[in-house]
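Q: next comes the sequence, and after it the predicted model I'd like to discuss.
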Amino acid sequence: MKRNLKVMLLVAVMTFTIVLTSGCDLFIKTNDGKVDLKWYMGLTYEDNSGNDIEYKTSVGSRVIAVALEHEYSKDYAIMKDVDAYININTIKENIDKRFYWDKKEKKLLFTDAKTVYTVGEGETVIHSDTDENVGYTVFLTENNKCYVNIKFVEKFIDLKYTVTKGDEKTPVIINLKYKSGEKTVFKTDSDIEMRTKGDYQNLIVTEIPEDTEVTLIEKGKNWNKVKTDSGFIGYIPVKELVDEKTKKTEYKNDDAEYTHVTLDKKVSLAWNQVYNQNANNNLDDLLKNTKGINVISPTWFSLMDKRGNLSTLADLNYVEKAHKKNIQVWALFNDFTDKKLTKTVLTSTELRQRFVRNIMYYVDSFDLDGINIDFEYISKDIADDYMQFLRELSIECRKTGTILSIDNYAPSEWSGYFDREQQLKLADYIMIMNYDEHTSGSEKAGSVSSMTYAEKSIKDTIKEAKDASRIINGMPFYTRVWKETPQDDGDGTGTLIEDAVNGNYYLSTEAVNMETAEKAYKEAGVKPVFDKTTGQNFVTYSKGKSTYSIWLEDETSVKARLELMNKYKMGGVAYWALGQEKDSIWKVISKYFK
């Protein structure tokens, strides 16, 4: 008995020593369960009863998982015979945005810097300048979704893919590699279980054999998120990963094909608001006292009907006059007629391309140096269609050497779907319409464009577009006169603002040019004071029972905006609009455009 006690004591001591030297792995509770891979890889959905149901396809043999660089796609792919078809949303969101699906006409498009490639439903022929029969069905449609053959994607985009065989429990996986850069790889030190999360309590994804190479996705303290070359993604303990190396991968792109036409100096553009044909005759008077302008943009063209036709106020004599003054003409094209027309035309490939041809017809007919696209009816649901319009238009501009510029709102939460980086890749310049911080619909009086607002818009645009040298800052030549009238003294004009502290009042505003604003405060007998908050001169005065406020656009504000142009090394500035300025501001402007 004593001998048995000694043996038991010795075993206990040895066990305690092993624990001290090897850590606490002996006491780790390990989950031996395996995850449902079809659920894990996004191949199931939850029905109304909470049951996981496998996705099915009627146009292919089976649905398959898509392993992206860092995660599984939320959209499944389809296997048909030996070909894999990827949901176009997966392609656009992760690989390349230039693939476009026309739901109305059942057409798939890919657009590069020079060519639009088009394929119809069920076709094996790619239509462009010349037709090419590729011998495979380019895309499938199911449930109003488009699935693109990976061979078609590979034809235009440099990427690598492998298709891993599956079985009853393991899905077929198409593993995609498409991101350039340095990647960290390891090898597994032993046979190891990959798990859904970094903990032994989580379910097993798959068994990883010893000496398997894995690519790091996310580094952790005890567990790393990794991906195998067969497309399995999950977590492996850090201590099981050895032989760390850095691999550099580089996938080719065609960015160099996107050439741009730019001025050899900063752009000083004046928008010229043209209301009727006779207004074109005022060009000489409008330019008489100006200094430093090298581009003028008359508001000549509007989308007119659902066939993609344009209304026009264009005047060849106007262009000739501007050219004689060494001023380029970038005519403005807008969509202000009806937002329904914008959607109708842009969402149809036939109408959109007809619209592009119409634009280029006027470019040629009126010897235009450039065009300025000012589309302000672009809602989130047609943002992709708008971008496709710009792609197709940019090709034609590139062919003819026509400068393409695109107007954009100042970046904001609601305009986040405008892809300024892609726009700048397509266009020669993009403009920031850097005004309307406060509008007629505002419930608080304020500046049209304070310097803090203007500077933030510039910084945000540059951050998104990534090239300040081709971004133009649009600045206002107008301001607003704000009128506040106590509720008891008002006539109901304006917006009723409830103010528990100072009493309710009616707020109204009127947009005015620089001279009208100056005349108003001089007649009131007040002088401007500099407002540090907005970086502008400010006046306030009373008339009857009402209080008036104006944040002035003048030499001070113009200089400040031009300084922002220089500070951020921008491509230039644009003025809205010619004729609303005081003559004296041209002395300020001319110093920046000698």
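A: Perfect, I can see it now. Numbers count the residues shown, from 1 in each chain.
Q: CA only for contacts and neighbour counts going forward, please
A: OK.
Q: now D315, nearest residue through space, not along the chain?
A: By the measure of Cα to Cα, 6 or more residues apart in numbering, the closest residue to D315 outside its immediate chain neighbours is N280, 6.9 Å from it.
Q: which residues does that neighbour contact?
A: Residues touching N280, when contacts are defined by Cα atoms under 8 Å, 6 or more residues apart in numbering, comprise 274, 315, 318.
Q: in helices, which of the residues you listed appear?
A: Of the positions in the contacts of N280, Y318 sit in helices, assigned by DSSP state H.
Q: now the buried members of the contacts of N280.
A: Judged by neighbour count, with 16 or more other Cα atoms under 10 Å as the criterion, the buried members of these are 274, 318.
Q: how about the contacts of N280 in JSON lines, adding pLDDT and distance to P209?
A: Conversion of those to JSON lines gives the following (pLDDT from 0 to 100; distance: Cα to Cα, whole Å):
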{"residue": "V274", "pLDDT": "98", "distance to P209": "73"}
{"residue": "D315", "pLDDT": "98", "distance to P209": "75"}
{"residue": "Y318", "pLDDT": "98", "distance to P209": "75"}
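Q: re the thing from before, report pLDDT for the residue nearest to D315.
A: Taken from the predicted model, the pLDDT recorded for N280 is 98.
Q: quick check on it: phi, psi?
A: When read as degrees, to the nearest 10, the backbone of N280 gives phi -60, psi -20.
Q: separation between it and I373?
A: Summarising the geometry, the distance separating N280 from I373, computed by Cα to Cα, to the nearest Å, is 20 Å.
Q: swap in Y45?
A: When Cα to Cα is the yardstick, Y45 and I373 sit 43 Å from each other.
Q: so the two - more neighbours on which side?
A: The residue with the greater number of neighbours, taking Y45 and I373 and applying other Cα atoms under 10 Å, is I373; the counts read 21 against 14.
Q: next one: whichever strand or helix holds that one to chain centre, how far?
A: In this structure, I373 is located in strand 370-374 according to DSSP states H and E. Relative to the chain's own centre, strand 370-374 is displaced by 19 Å; criterion: Cα atoms, centre = their mean, to the nearest Å.
Q: just the helices in the stretch 151-300 of the chain please.
A: 283-287 (DSSP state H, counting those that start in this stretch).
Q: repeat that for the chain.
A: 2-22, 37-40, 88-94, 150-156, 283-287, 316-324, 339-346, 349-365, 383-400, 420-426, 451-465, 514-523, 555-567, 585-590.
Q: against which helices or strands is the fourth one packed?
A: Applying 3 or more Cα pairs under 8 Å, 6 or more residues apart in numbering; DSSP states H and E, we find helix 150-156 packed against strand 83-87.
Q: if we can go back for a sec, give me the angle between the strand holding I373 and helix 349-365.
A: When axes from the mean of the first three to the mean of the last three Cα atoms, to 10 degrees is applied, the directions of strand 370-374 and helix 349-365 differ by 140 degrees.
Q: what lies in contact with strand 370-374?
A: In this structure, residues lying in contact with strand 370-374 by Cα under 8 Å, 6+ apart are 297, 328-335, 363, 402-408.
Q: quick check: ChimeraX command selecting the buried ones in the residues you listed.
A: Buried residues among those (16+ other Cα under 10 Å), as a ChimeraX selection:
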select :297,328,329,330,331,332,333,334,335,363,402,403,404,405,406,407,408
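Q: could I get the phi/psi values of the closest residue to I327 other than its chain neighbours?
A: Leaving aside its chain neighbours, I327 sits nearest to N294 (4.6 Å; criterion: Cα to Cα, 6+ apart). As for N294, its main-chain torsions (degrees, to the nearest 10) stand at phi -120, psi -10.
Q: burial of N294, as a residue count?
A: Burial measure for N294: 20 neighbouring residues, criterion other Cα under 10 Å.
Q: separation between it and D428?
A: Distance check for N294 against D428: by Cα to Cα, it reads 16 Å.
Q: next one: E437
A: Relative to D428, and taking Cα to Cα, E437 is found at 26 Å.
Q: equivalent analysis for D369, please.
A: When distance is defined by Cα to Cα, D369 is 12 Å away from D428.
Q: is the residue nearest to I327 in contact with L269, as I believe?
A: Yes: using Cα atoms under 8 Å, N294 is in contact with L269, at 6.3 Å.
Q: contacting residues around A84?
A: 77-78, 149-150, 174.
Q: try 7 Å
A: 77-78, 149-150 (Cα atoms under 7 Å, 6 or more residues apart in numbering).
Q: same thing with D305?
A: With contact set as Cα under 7 Å, 6+ apart, D305 has these partners: L341.
Q: what pLDDT does it get?
A: 96.
Q: could you shift the numbering so residue one becomes 65, and keep it that way?
A: All set: I'll call the first residue 65, so the last point we hit is now D369.
Q: dihedrals phi and psi, it?
A: Note on D369: backbone dihedrals following degrees, to the nearest 10 are phi -150, psi 180.
Q: which residues does the closest residue to K330 other than its chain neighbours bridge with?
A: For K330, ignoring the flanking residues on the chain, the nearest one in space by Cα to Cα, 6+ apart is G636 at 4.7 Å. The partner list for G636 in beta bridges (DSSP bridges) reads V331, I536.
Q: mind putting the helices of the chain into TSV with distance to S572?
A: TSV is the format used below for the helices of the chain (distance: least, Cα to Cα, whole Å):
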stretch	distance to S572
helix 66-86	77
helix 101-104	57
helix 152-158	44
helix 214-220	55
helix 347-351	30
helix 380-388	38
helix 403-410	27
helix 413-429	39
helix 447-464	33
helix 484-490	34
helix 515-529	22
helix 578-587	15
helix 619-631	23
helix 649-654	28
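Q: among these, which is nearest V269?
A: helix 101-104 (7.1 Å; Cα to Cα).
Q: which residues does the closest one contact?
A: 108, 233-235.
Q: lowest-confidence entry in those?
A: By pLDDT, K233 ranks lowest within the contacts of helix 101-104, coming in at 89.
Q: any idea how far E562 is from H134?
A: 51 Å.
Q: higher neighbour count, those two?
A: Shown here are H134 and E562; by other Cα under 10 Å, H134 has more neighbours (17 against 13).
Q: mind checking how far that one is from I297?
A: Note on H134: its distance to I297, by Cα to Cα, is 8 Å.
Q: list the beta-bridge partners for R126.
A: M143.
Q: residue contacts, it?
A: By Cα under 7 Å, 6+ apart, R126 lies in contact with 120, 142-143.
Q: which pLDDT does the model give the spatially closest residue to E246 that is not a sequence neighbour?
A: For E246, the nearest residue in space outside its immediate sequence neighbours is K312; the separation is 4.3 Å by Cα to Cα, 6+ apart. On pLDDT, K312 comes in at 97.
Q: count the neighbours of F220 for me.
A: Number of residues near F220 (other Cα under 10 Å) recorded here: 15.
Q: and if you look at D445?
A: Using other Cα under 10 Å, D445 is surrounded by 10 other residues.
Q: quick check: it vs N158, distance?
A: D445 sits 19 Å away from N158, going by Cα to Cα.
Q: also Y605?
A: Applying Cα to Cα, the value for Y605 to N158 is 56 Å.
Q: give me the most central residue, the protein.
A: Residue closest to the average C-alpha location in the chain (Cα atoms, centre = their mean): D483, at 1.8 Å.
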